[in-house]
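Novice: predicted model, plus sequence, below.
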Amino acid sequence: MNRYDVSNSEGGFMFAPSAQLPKLLSEFETKYLAKYTPCSGMDKEQVTEAIAIVHVELILIHPFREGNGRLSRLLVSVSLI
């Protein structure tokens with residue numbers, strides 16, 4: 001395998017199947033983004049919890065081996081606005 005090959009798993013963790021992405025993203029938006037963002041008006045503990053929950057749920061959906069950290073940091077930045 002060369003460094004450009006992409007698999008659907010890493011370290012035994014299976015990434016979300018591409019066919020499920022529209023459904024998973026829709027659920028992510030209604031269950032997590034709508035509830036936990038934006039973070040304005042939250043105290044420090046609430047913001048920490050909201051960011052952690054949204055981060056984990058996004059990582060579980062993100063179907064790629066690379067880029068999930070950058071995408072998560074961008075989401076956090078936007079959530080705090």
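Specialist: Done, it's in. Numbers count the residues shown, from 1 in each chain.
Novice: next secondary structure after the longest helix anywhere in the chain?
Specialist: In the chain, taking DSSP state H as the definition, the longest helix is helix 44-61. The helix or strand immediately downstream of helix 44-61 is helix 68-79, counting by DSSP states H and E.
Novice: wait, Ile59 sits on Arg70?
Specialist: No: assessed by Cβ atoms under 8 Å, Ile59 is found out of contact with Arg70, at 11.9 Å. In this view, the C-beta of every residue, glycine as well, is placed from N, C-alpha and C.
Novice: so for these two, which residue has more residues nearby?
Specialist: The neighbour comparison of Ile59 against Arg70 (other Cβ atoms under 10 Å) goes to Ile59, with 15 against 9.
Novice: for the more buried one, which non-adjacent residue is spatially closest?
Specialist: Nearest non-adjacent residue to Ile59, counting by Cβ to Cβ, 6 or more residues apart in numbering: Asn68, 5.4 Å away.
Novice: gap between the residue minimising distance to the centre of the chain and Asp43?
Specialist: The C-alpha lying nearest the average C-alpha coordinate of the chain belongs to Leu58 (Cα atoms, centre = their mean; 1.5 Å). Between Leu58 and Asp43 the computed distance is 23 Å (Cβ to Cβ, to the nearest Å).
Novice: what of Tyr32?
Specialist: Distance from Tyr32 to Asp43, by Cβ to Cβ: 19 Å.
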